[in-house]
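Undergrad: Provided below for reference: sequence and predicted model.
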Amino acid sequence: MRCITIKVSLLAANRRDAKDPAPTVNKLLILDDETGTTPLRSILREAVLEKLGELQFKAEDEEIKTIIGTGGTDLTALLDHPSKLLPEHFDTIHATIIPA
């Protein structure tokens with residue numbers, strides 16, 4: 001079992017307060033045998049909708065501007081893979097989204 005923090009920001013044009021640099025979503029995720037089989041795309045969608053249920057966000061490719069892991073690694077290629085495949089040294093995932 002391990003923990004990952006998911007931080008999601010909306011692009012400035014869509015943010016309620018564009019001057020606030022804090023992420024819109026900041027969620028601690030515990031990866032265990034059950035959550036480790038969930039694709040990263042689904043985890044991202046659930047985290048956003050849990051916090052911002054009024055958004056129309058399906059986590060499709062055109063809605064995800066960037067998704068990077070600890071150290072700046074682009075995680076776009078891992079979006080449809082189980083989250084347990086994330087390298088062990090990743091403890092934070094930063095995503096920038098453009099909701100529909």
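TA: Received the coordinates, thanks.

Undergrad: for the residue nearest the centre of the chain, phi and psi?
TA: Centroid-nearest residue in the chain: residue 44, 3.9 Å away (criterion: C-alpha atoms, centre = their mean). Per-residue torsions, residue 44: phi -60, psi -50 (degrees, to the nearest 10).

Undergrad: burial check on the nearest residue to it once chain neighbours are set aside, number of neighbours?
TA: Nearest residue to residue 44 in three dimensions, chain neighbours excluded: residue 59, at 5.2 Å (C-beta to C-beta, 6 or more residues apart in numbering). Backbone N, C-alpha and C define where each C-beta goes, glycine included. Using other C-beta atoms under 10 Å, residue 59 has 22 neighbouring residues.

Undergrad: same thing with residue 8?
TA: 22.

Undergrad: tell me which element it falls in.
TA: Element membership for residue 8 (DSSP states H and E) is strand 2-10.

Undergrad: by contact count, what packs against that strand?
TA: With contacts defined as 3 or more C-beta pairs under 8 Å, 6 or more residues apart in numbering; DSSP states H and E, the packing partners of strand 2-10 are strand 25-31, helix 40-51, strand 92-97.

Undergrad: mind showing which ranges of the chain have poor pLDDT?
TA: Scanning the chain for pLDDT under 70 picks out 12-21, 100.

Undergrad: all set, thanks.
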